[in-house]
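**Q** The following block contains a protein sequence and its predicted model.
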Amino acid sequence: MTGLPFDRPDRFWRGNLHTHSNRSDGALSPEETVSHYRDAGYDFLAITDHFRAEYAFPLTDTRSLRAPGFSTLLGAELHAPRTETGSSWHILAVGLPLDFRPPEPGESGPQLARRARAEGAFIGMAHPSASLLTAADAASLDAAHAVEVYNALADREDRGDSWHLTDVLLNRGHRLTAYAADDAHLQPQDPPPCAAWVQVRAESLEPGPLLSALKAGHFYSSTGPELHDVRLDDGQVTVRCSPARKVLLTGGVPGAQVVQGTALTECSLPVEMFRGGYCRVTVEDAAGGRAWSNPIGLWTTDSRSGAGGS
């Protein structure tokens, strides 16, 4: 759960948090992968190769690929046995130290995630819909900062959207944020990359400020539209955005507040139906792209209520 970052004095930086290179099962080298995103106008990239024995537990070092105007975050996709329906956890860990140890014998997914968070990482539940995570699985991953609510690669299987599980967790009191990512492998059969990203509000492109902003929830996610401002005031959420055909306010109860139109760039939606819980903004553009705010806590009238944390 997060405060709203839009009035902070920093700026937004566009990045992808879930990416694979040929250090695991991606098609391209780390250098080629970084070049692809940098040339597409991204500001930062996390290469998160599969941290598995079959790949010699890679923690891909991209520090030498940083350049003026472009940064990288070190991370990995962590795995350990098992979930209710799958043989392995998929846990995104961004901000890992290079000497992060492989899983210990008998170490569970939740234990591995706790260790990664204790060593400074931002922890995400990777593609929970595609992994068929149950609510019990997800609740046990108590080190998570966020849920990967949209995964562009998993959309190929029609399991890219994980907002339902996120809403269940939020309704049960889990203070989580929400991010979108490519899960890019850049294989010929994969969907085109640069399809889902985060916009992180941070003071600079240095890894430290980016990670701090991610942990604090100072970001939004998108597959197209831009959110220029989202603010809570006098019982309404006011949204300013790039031209949209629909703006929705949803949350911890069935139903939604909806504004539809042509080239909408500003509207206000009442929060009363979500009072005592949370709400979130979705903006949809004419091409079907969507942008999502992080959940906004409504336990008090203070729009900055909610959890961040290290």
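**A** The structure has been received and is ready for your questions. Numbers count the residues shown, from 1 in each chain.

**Q** Make sure residue 63 is actually in contact with residue 72.
**A** Yes: look at residue 63 against residue 72 with C-beta atoms under 8 Å: they come within range, at 6.9 Å. All C-beta spots, glycine's among them, are computed from the backbone N, C-alpha and C.

**Q** Look at these two and report which has more neighbours.
**A** Neighbour comparison, residue 63 and residue 72: the larger count goes to residue 72, with 26 against 10 (by other C-beta atoms under 10 Å).

**Q** Okay, and the more buried one sits in which element?
**A** Using DSSP states H and E, residue 72 falls within strand 71-78.

**Q** Could I get the pLDDT score of the nearest residue to residue 102 once chain neighbours are set aside?
**A** Spatial nearest neighbour of residue 102, excluding adjacent residues (C-beta to C-beta, 6 or more residues apart in numbering): residue 57 at 4.5 Å. Residue 57 is assigned 99 on the pLDDT scale.

**Q** neighbours of residue 57, just the number please.
**A** Burial measure for residue 57: 17 neighbouring residues, criterion other C-beta under 10 Å.

**Q** and what of residue 259?
**A** The tally of other residues near residue 259 (other C-beta under 10 Å) stands at 16.

**Q** And the residue nearest to residue 282 when sequence neighbours are not counted, what's its pLDDT?
**A** Of all residues not flanking residue 282 in the chain, residue 248 sits nearest, at 4.4 Å (C-beta to C-beta, 6+ apart). Reported pLDDT at residue 248 in the predicted model: 99.

**Q** go on, residue 299?
**A** On the pLDDT scale, residue 299 gets 77.

**Q** Equivalent analysis for residue 4, please.
**A** pLDDT, residue 4: 89.

**Q** now the one 5 residues further on
**A** Taken from the predicted model, the pLDDT recorded for residue 9 is 92.

**Q** Same question for residue 306.
**A** pLDDT recorded at residue 306 is 34.

**Q** for residue 251, same thing?
**A** If you check residue 251, the pLDDT there is 98.

**Q** Is it correct that it is in contact with residue 277?
**A** Yes: here residue 251 reaches residue 277: they are 5.8 Å apart, a contact under C-beta under 8 Å.

**Q** For the two, indicate the residue with more neighbours.
**A** Neighbour tally, residue 251 and residue 277, criterion other C-beta under 10 Å: the higher count belongs to residue 251, 23 against 17.

**Q** do you know how far that one is from residue 293?
**A** Residue 251 sits 11 Å away from residue 293, going by C-beta to C-beta, to the nearest Å.

**Q** Run through the residues that contact the residue lying closest to residue 206 once chain neighbours are set aside.
**A** Leaving aside its sequence neighbours, residue 206 sits nearest to residue 71 (C-beta to C-beta, 6+ apart; 6.8 Å). The contact partners of residue 71, by C-beta atoms under 8 Å, 6 or more residues apart in numbering, come to 13, 43, 44, 205, 206, 207, 210.

**Q** The last one contacts residue 44, doesn't it?
**A** Same thing as residue 210. Yes: with contacts counted by C-beta under 8 Å, residue 210 reaches residue 44, the gap being 6.3 Å.

**Q** Check the contact lists of those two and give me the overlap.
**A** Taking C-beta under 8 Å, 6+ apart as the criterion, residue 210 and residue 44 both touch 13, 15, 71, 73, 200.

**Q** My assumption is that the second one lies in a strand; please confirm.
**A** Yes: checked against DSSP: H, G, I helix; E, B strand; the rest coil, residue 15 lies within a strand.

**Q** and residue 161, how many neighbours does it have?
**A** Residue 161: 17 neighbours (other C-beta under 10 Å).

**Q** Pairing partners for it in the sheet, please.
**A** Beta-bridge pairing of residue 161 under DSSP bridges involves residue 150.
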